[in-house]
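> following is a predicted model, sequence given first.
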Amino acid sequence: MTTQSERLAAVEQRLGDHEARCEERLAEIKATSASTLRAVEGLKGRAWGVTAALLAWALAQLWSANAVRIERLEARAPHTQEAIRVAAR
């Protein structure tokens, strides 16, 4: 049969072991969260890069479509002017 002081010592030992395990787990959690945070920051940077690339692509599409439209309008302009002259006669 164990005495009260022996039981108290055993409880204190278990409590100390429990606190040590909790500290180890907390350190692992902090390391994991720091790693995750770094990964998220990297993804944010890449997301901004992709966004900038998509915006540049969209602007290039608009510019080229506008250039084609202007070429068509300029190509059609002499014919339109000729049709106006013929209609005016």
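Now that the structure is in, tell me what you want to look at. Numbering: from 1, shown residues only.
> okay, now residue 39: neighbour count?
Around residue 39 there are 10 other residues, counting by other Cβ atoms under 10 Å. Every C-beta, even on glycine, is put in place using the N, C-alpha and C of the backbone.
> mind checking how far it is from residue 45?
11 Å (Cβ to Cβ, to the nearest Å).
> tell me the pLDDT of residue 59.
pLDDT recorded at residue 59 is 93.
> next up, the contacts around it.
Contact analysis of residue 59 by Cβ atoms under 8 Å, 6 or more residues apart in numbering lists nothing.
> so which helix or strand takes in it?
helix 4-88 (DSSP states H and E).
> return the distance of that helix from the chain's centre.
Here helix 4-88 shows a centroid-to-chain-centroid distance of 1 Å under the convention Cα atoms, centre = their mean, to the nearest Å.
> now do the contacts for residue 67.
So residue 67 contacts nothing (Cβ under 8 Å, 6+ apart).
> how much space between it and residue 73?
Residue 67 is 11 Å from residue 73, by Cβ to Cβ.
> do residue 34 as well
On the measure of Cβ to Cβ, residue 34 and residue 73 end up 59 Å apart.
> again with residue 38
53 Å.
> now swap in residue 57 and tell me
Applying Cβ to Cβ to residue 57 and residue 73 gives a distance of 25 Å.
> what do you get for residue 53?
Taking Cβ to Cβ, one finds residue 53 at 30 Å from residue 73.
> just residue 37 next, same as before
For residue 37, the distance to residue 73 - Cβ to Cβ - is 54 Å.
> swap in residue 30?
64 Å.
> repeat for residue 1
The gap separating residue 1 from residue 73 is 105 Å, by Cβ to Cβ.
> more neighbours: which of these two?
residue 73 (10 against 3).
> run through the chain and note the low-pLDDT ranges.
Across the chain, the ranges flagged by pLDDT under 70 are 76-84, 87-89.
> cutoff 80 now
1-2, 72-89 (pLDDT under 80).
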